[in-house]
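Provided below for reference: sequence and predicted model.
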Amino acid sequence: MPRSLAGDLTDPEMAQPYMKKDDDDEEIEYSPFFGIEKGAVLQEARAFHDPQLDARRCSQVITKLLYLLNQGETFTKVEATEVFFAVTKLFQSKDAGLRRLVYLMIKELSPSSDEVIIVTSSLMKDMNSKTDMYRANAIRVLCRIIDGTLLTQIERYLKQAIVDKNPVVASAALVSGIHLLQANPEIVKRWSNEVQEAVQSRAALVQFHGLALLHQIRQNDRLAISKMVSGLTKGSVRSPLAQCLLIRYTSQVICESCMNTQNGDRPFFDYLESCLRHKSEMVILEAARKIAEMDVTSRELAPAVTVLQLFLTSSKPVLRFAAVRTLNKVAMTRPLAVTNCNVDLESLMSDQNRSIATLAITTLLKTGNESSVDRLMKQITNFMSDIADEFKIVVVEAIRSLCLKFPLKHRSMMNFLSNSLREEGGFEYKKAIVDSIVTIISEIPDAKEIGLLYLCEFIEDCEFTYLSSQILHLLGNEGPRTSDPSRYIRYIYNRVILENATVRASAVSTLAKFGALVDALKPRIFVLLRRCLFDTDDEVRDRATLYLQTLDGEVAVGNTEKDVKEFLFGSFDVPLANLEASLRTYEPSEEPFDISFVSREVKSQPLQEKKAPGKKQLAGAPAPAPVSAVDAYQKMLSSIPEFSGFGILFKSSEPVELTEAETEYAVNVVKHIYKGHIVLQYNCTNTIPEQLLENVIVYVDATDAEEFSEVCSKPLRSLPYDSPGQIFVAFEKPEHVPTAGKFSNVLKFIVKEVDISTGEVDEDGVEDEYQIEDLEIVSADYMLRVAVSNFRNAWENMDPESERVDEYGLGVRESLAEAVSAVISILGMQPCEGTEVVPKNARSHTCLLSGVFIGDVKVLVRLSFGLSGPKEVAMKLAVRSDDPEVSDKIHEIVASG
């Protein structure tokens, strides 16, 4: 904004006071835009039509209009058009400041294609003006508002502007080219020669913008990018900004070449190392950052860490921040490489900039050794009171990681977290501390009792219902298994007396868990639960009644004490969505609702058919209510006499396509698994209007599935056009055994011609057959994907005698993530607690799986993956289940897979 205009904006007629600094202070701050209304400003815009233009007044009005537009004020089509036409009249003025505001206004209004024509001639005139400022701004505006047809008319001028001697004009043309490339790539690509010339410019910004545009033009041509980098890294780039861009492009080429070559050569890496000795600080930082992000050796990383270490002692805060942030990222994956910087990082803990201090602390927590933990904790204690909650959360998460790294030092770190809980702080901060303590308790057995006591003390004065309930749940699971469970009862019962209804209900459940698991406490727990019968909240009373009667044996839930504990405190393995769908479809009758018939499988996506456009959905897969699909299958199959004696349906698979999308006949199959049988449901659709298919049957060849014997098949009598039908084939197999096999399928039928105009069908038909794809029954078909809410508890409650552990070599894999996904697919189990996600650059990973094997046998699996070579993946498999034989079978499945 011109200096003269800035002075005009504080004119007393326009400015209004909006804030007084102090009652005793005579100075008043003015806002030039206080109390502006759109209607009044539009009225003032009539000044644009005056025969004698007042540049000062017009500048004020345009400034107000720009303010309204940038504040989100919307102009109607009529208002915008009127303002646009009025603004175009201001091209008559020779005032330079007003002309720049006119350019801004035209860009902000974004006129339609009809209106653009009106200003095109004026802007093109300015493009060829002798005033460089007019030329540069006219180029920017024109490229913002014109379309492809008008662009061809001014293309010659833009090419000339790119190589203009004035850097302001050349830079404006290059930036406009970057914007135009998105909508008109073919036109902009023709400017390559001019852009390459701009890259050789001596002007810093021209070189920077030229390199950015040249890269975008060639971004889809990997060889062209490599040649560009090869040419420019020889020293023709002098602009520090352009040098930073070139460093990014060079690292991109290096990474791509490493992926495509096996020998690990990294071309241009010497260039990145040479940039570490550049005279510009931004170039040095960019080079160090890119080297740190690459997969380099310790020797190659050392120079980058050294220059970053020098920046840690810089007098400029921005350099200290950039250096410590980069070192923080390096410390996440390679903490030993940053250890030499610890002395300098410790000095930054008292930095005035809290962001720098926080990053320094979290970096130290990642790189510190066991002997420095106590000293770090003392320094952090003084530091925490001076920073905001968002920084405190980062520190807490770093302390959690350090505690897991050095478990013997858990006492000092747990003590620090406990003290932090007593300090003032918001919900997110307190939740981060509680989550950290919970994680430490679960990973370090020695920290369990002291951690539970710290949490008990916290809930005595906790204002957050969510955290109180979370801690009470943890106490119920872990407290009864400690050396002295009775010490926690006081804290729990205090919640029944002092807290809100939600927390009281959680406390009642926790008390009941102590009563069920600790016989010595049961009489005292009964006394406390009976007091809860008089609570004002019905949920609390209902829970207390249920737990009293169940623990006292008045409600029969099983034959053993284990059944009682499983009923009250076992994980609820029926997905709520499946339960809701079953309850909706339940029809009241003499038969009570049986939850055992509800599918326990977790559906990762809706059960629906993949069909070609225009085709109707195939029958047999009720997509509108995917969660109740198993119920629908059970009801449908039990209504067929041939299958009614097979028993309860264990599992129904997702539909497997056996034909391509655009073929004459669309066929997919659903595998229905029973205890001793398998039913294959072939869903067929005839997509040819001129044909009617009769006596449709699927001939299944089970030569490669020796343990299966065909029991019966149910053909389809007629299959009209676009009317889905079903064919069933049933096989007998050994009970409770994950029998695998491969089936060849041929669709056989009689084809009859149909007259489309009359709908008449020829009496004579021709026998025909259609080969469809093979079908495989795999081990995963015998496993239900059933989640558990608390894997650790479920694992500990399983009989340790059923555990089977073995190690496997998975060979060369693209990544750990690919190996994890492959094993999950082989087993067909449900990942728990998000462990199917492998962190980037991880060299080891643990995945937790749960499921129900055929025969209703619960199975839990711990998979530990690690890289044993360059891309060699090793795996340790631990299985626990209700049946030791099933644990052995899981190992057999993995060994054969």
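Noted; the coordinates are in hand.

Could I get the average pLDDT for the helix or strand hosting residue 671?
Using DSSP states H and E, residue 671 maps to strand 665-673. Mean per-residue pLDDT for strand 665-673: 91.

what's whichever helix or strand comes after it packed up against?
Downstream of strand 665-673, the first helix or strand assigned by DSSP H and E is strand 677-686. Applying 3 or more Cβ pairs under 8 Å, 6 or more residues apart in numbering; DSSP states H and E, we find strand 677-686 packed against strand 665-673, strand 691-704, strand 716-719, strand 725-732, strand 741-753. The C-beta positions use only the backbone N, C-alpha and C, and glycine is treated the same way.

mind listing what the third one pairs with, with the direction of each?
Just to be clear, that refers to strand 716-719. Sheet pairing of strand 716-719 (DSSP bridges) gives strand 691-704 (antiparallel).

Could you identify the helix or strand that succeeds the strand it pairs with?
Next element after strand 691-704 (DSSP H and E): strand 709-714.

on that earlier part again, format the helices and strands packed on strand 677-686 as CSV; extra columns: distance to residue 551 and mean neighbour count.
As requested, those are exported to CSV (distance: least, Cβ to Cβ, whole Å; neighbours: other Cβ atoms under 10 Å):
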stretch, distance to residue 551, mean neighbour count
strand 665-673, 38, 22
strand 691-704, 53, 17
strand 716-719, 56, 16
strand 725-732, 46, 21
strand 741-753, 49, 18
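
Distance to residue 831 for the ones you listed - can I get that in JSON lines?
JSON lines is the format used below for these (distance: least, Cβ to Cβ, whole Å):
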{"stretch": "strand 665-673", "distance to residue 831": "21"}
{"stretch": "strand 691-704", "distance to residue 831": "31"}
{"stretch": "strand 716-719", "distance to residue 831": "39"}
{"stretch": "strand 725-732", "distance to residue 831": "31"}
{"stretch": "strand 741-753", "distance to residue 831": "27"}
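
just to revisit the earlier point, from the contact counts, what lies against the strand holding residue 671?
Using 3+ Cβ pairs under 8 Å, 6+ apart, strand 665-673 sits against helix 629-638, strand 651-652, strand 656-657, strand 677-686, strand 741-753, strand 766-777.

The same query, at a cut-off of 7 Å, please.
On a contact count with 3 or more Cβ pairs under 7 Å, 6 or more residues apart in numbering; DSSP states H and E, strand 665-673 meets strand 651-652, strand 656-657, strand 677-686, strand 766-777.

what sits against residue 679?
With contacts defined as Cβ atoms under 7 Å, 6 or more residues apart in numbering, residue 679 is in contact with 637, 643, 672, 728, 730.

measure the closest residue in space to residue 731 that isn't next to it in sequence to residue 893 for me?
Distances taken as Cβ to Cβ, 6 or more residues apart in numbering place residue 708 nearest to residue 731, at 4.3 Å, with adjacent residues excluded. Distance, residue 708 to residue 893, by Cβ to Cβ, to the nearest Å: 18 Å.

Check residue 205 too.
63 Å.

Now do the contacts for residue 820.
Listed by Cβ under 7 Å, 6+ apart, the contact set of residue 820 reads 836, 838, 845, 847, 865.

Could you tell me whether the third one really is in a strand?
Read that as residue 845. Yes. Checked against DSSP: H, G, I helix; E, B strand; the rest coil, residue 845 lies within a strand.

and it, how many neighbours?
Neighbours of residue 845 under the rule other Cβ atoms under 10 Å: 21.

Could you measure from it over to residue 815?
Residue 845 is 10 Å from residue 815, by Cβ to Cβ.

intersection of neighbour lists for the two?
Common neighbours of residue 845 and residue 815 (Cβ under 7 Å, 6+ apart) do not exist.

Show me the shaky parts of the stretch 451-600 of the chain.
Applying pLDDT under 70 to the stretch 451-600 of the chain picks out residues 553-573, 599-600.

Flag the shaky bits of the protein, pLDDT-wise.
1-30, 113-114, 258-267, 553-573, 599-631, 869-870.

what's the longest helix in it?
For the chain, the longest helix by residue count, based on DSSP state H, is helix 240-260.

Please identify the buried residues of that one?
With burial defined by 16 or more other Cβ atoms under 10 Å, the residues of helix 240-260 counted as buried are 240-247, 249-254, 257-258.

cool, and stretch 502-509?
For stretch 502-509, by 16+ other Cβ under 10 Å, it's 503-509.

Redo those residues as CSV? Include distance to residue 97.
Output for the buried residues of stretch 502-509, formatted as CSV (distance: Cβ to Cβ, whole Å):
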residue, distance to residue 97
503, 65
504, 70
505, 69
506, 68
507, 71
508, 74
509, 73
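
Inside helices: which ones of those residues?
503-509.

Could you verify my assumption that residue 126 touches residue 138?
Yes. Using Cβ atoms under 7 Å, residue 126 is in contact with residue 138, at 3.7 Å.

For the two, indicate the residue with more neighbours.
Neighbours per residue (other Cβ under 10 Å) separate residue 126 from residue 138, with residue 138 holding more: 28 against 23.

Please tell me how far residue 782 sits from residue 42.
74 Å.

When those two are compared, which one has more neighbours?
Set residue 782 next to residue 42 and count neighbours by other Cβ under 10 Å: residue 782 wins out with 24 against 18.

Determine how far the longest helix of the chain lies from the middle of the whole chain.
Helix 240-260 sits 27 Å away from the centroid of its parent chain (Cα atoms, centre = their mean, to the nearest Å).

If we go by neighbour counts, what in the host helix or strand of residue 318 is buried?
Residue 318 belongs to helix 317-333 when assigned by DSSP H and E. Going by neighbour count (16+ other Cβ under 10 Å), the buried part of helix 317-333 is 319-328, 330-331.

Now tell me what touches that helix from outside.
Contacts for helix 317-333 (Cβ under 7 Å, 6+ apart): 281, 285, 288-289, 292, 308, 311-312, 314, 337-338, 341, 348, 351, 353, 355-356, 359-360, 362-363, 366-367, 841.

Just confirm residue 646 contacts residue 673, I think it does.
No. Shown here, residue 646 and residue 673 do not form a contact pair, counting by Cβ under 7 Å, at 10.1 Å.

coming back round to it: which strands border the strand holding residue 671, and is each parallel or antiparallel?
strand 651-652 (antiparallel), strand 656-657 (antiparallel), strand 677-686 (antiparallel).
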